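Engineer: quick one: sequence and predicted model below, then my questions.
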Amino acid sequence: MSYSVGQVAGFAGVTVRTLHHYDDIGLLVPSERSRAGHRRYNDADLDRLQQILFYRELGFPLDEVAVLLDDPDADPRAHLRRQHELLTARIEKLEKMAAAVEHAMEARSMGINLTPEEKFEVFGDFDPDQYEEEVRERWGDTDAYRQSKEKTASYTKEDWQRVQDEADALTRRFVALMEAGEPADSEAAMDVAEDHRQGIARNHYDCGYEMHTCLGEMYVSDERFTRNIDAAKPGLAAYMRDAILANAVRHTS
């Protein structure tokens, strides 16, 4: 079974011109030619193209891709192992990027008065200013946003580090309860949820129980928040949401 250049381009989601270029540089030379001289690709060619596109997706230049694929000591299992290692590293990096983005968005919504160096030190590798527009559109008209901006306008690096340390400590407490098998509506979990609510009120804006439950729902309805929170432990976002809701019921019923 062989395939035309147009068919292969359709399978792989690349252009015919790209396949011609790969042929010209010797990276992917089709195994067959039709009687009219047209390129024909077999299954082995498609396997090689898949490898090429994988390494290209990871940012490898074509000359390095050629070296990887033409290494006489490599075998298919070695390529799979290498791909797994590269994908695992990329997933880890993307997860850290997602967490940093969430920290940045939350930081901007609270108002930050830090130098660029301090922002990196406290919040990681992303500049919160990148997300100012989204935060303003999402919360800019709320009293909580305005109150937080006013309260945090004079915060120093040490203040923000304290806030971050408090948040990390609450996360560790929630995780410990999950690992101990404590239900989200247990007294212990509700107590941590109450400390979480009071921390928001103390550091940012008045956070009543209705607003707190809205935040808890956002933790699971916005996948970016869910990824960030669940990075500490899978299922943590939903656990926090449930504990926050149970705590609100406890105090308002």
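Structural biologist: Done, it's in.

Engineer: show me where pLDDT drops low in the stretch 1-150 of the chain?
Structural biologist: Within the stretch 1-150 of the chain, the ranges that satisfy pLDDT under 70 run 74-76, 79, 99-145, 148-149.

Engineer: spatially nearest residue to the residue nearest to the spatial centre of the chain (excluding sequence neighbours)?
Structural biologist: In the chain, the residue lying closest to the centroid (Cα atoms, centre = their mean) is Ala98, at 2.8 Å. Sequence neighbours aside, Arg227 is the residue nearest to Ala98 in space, at 5.0 Å (criterion: Cβ to Cβ, 6 or more residues apart in numbering). All C-beta atoms are positioned from the backbone trio N, CA, C, and that covers glycine.

Engineer: within the helices and strands, which one has that neighbour?
Structural biologist: Here Arg227, judged by DSSP states H and E, is contained in helix 223-230.

Engineer: any idea which helix or strand comes after that helix?
Structural biologist: Helix 223-230 is succeeded, C-terminally, by helix 236-252 (DSSP H and E).

Engineer: and that next one, average pLDDT?
Structural biologist: The pLDDT scores in helix 236-252 average 93.

Engineer: what's it packed up against?
Structural biologist: Contacts defined by 3 or more Cβ pairs under 8 Å, 6 or more residues apart in numbering; DSSP states H and E place helix 236-252 against helix 157-179, helix 187-203, helix 209-221, helix 223-230.

Engineer: may I see the buried residues of that helix?
Structural biologist: The neighbour-count check on helix 236-252 (16 or more other Cβ atoms under 10 Å) flags 236-248 as buried.

Engineer: and what of stretch 34-45?
Structural biologist: Using 16+ other Cβ under 10 Å as the test for burial, stretch 34-45 gives Arg39, Arg40, Tyr41, Asp45.
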